[in-house]
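[1] Whatever this is, show me its structure:
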Amino acid sequence: MDKQNFFSDVQAKISQALENSPAKDIEKNVKAIMTQGFSKLDLVTREEFDIQAQVLAKTRTKLEALEARVAALEAQITE
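    Below you'll find the model as predicted:
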């Protein structure tokens, strides 16, 4: 589904939700429609993003430690 069709579909669903639901349910319906639309876009949640950022930070720390260790071993070999 291309982006233009996606947004048209979302707009149509929002319009339909506004016509068919009482005012107090509008927010709930819009959130449900937007959640459904966003799920089609393969977006990640903030929680998933934060977890991956933490994993990346730990990996970067380990990589830096390994690089230092390799440099030290190379220095020992060349001496």
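
[2] From here on, just use CA atoms for contacts and neighbour counts.
    Will do.

[3] Can you get me a residue count around the nearest residue to residue 37 once chain neighbours are set aside?
    Of all residues not flanking residue 37 in the chain, residue 10 sits nearest, at 6.8 Å (CA to CA, 6 or more residues apart in numbering). Counted by other CA atoms under 10 Å, the residues lying close to residue 10 total 18.

[4] Over to residue 14?
    The number of residues packed near residue 14 is 19, by other CA under 10 Å.

[5] buried sites along stretch 32-51?
    33-34 (16 or more other CA atoms under 10 Å).

[6] List the contacts of it.
    Contacting residues not belonging to stretch 32-51 are listed as 6, 10, 13-14 [CA atoms under 8 Å, 6 or more residues apart in numbering].

[7] and the helix or strand harbouring residue 73, how far from the chain's centre?
    Counting by DSSP states H and E, the element that carries residue 73 is helix 46-78. How far helix 46-78 lies from its chain's middle: 23 Å, per CA atoms, centre = their mean, to the nearest Å.

[8] now stretch 34-47
    That offset, for stretch 34-47, works out to 7 Å (CA atoms, centre = their mean).

[9] what's the first-to-last distance across it?
    The straight-line separation of the ends of stretch 34-47 (CA to CA, to the nearest Å) is 18 Å.
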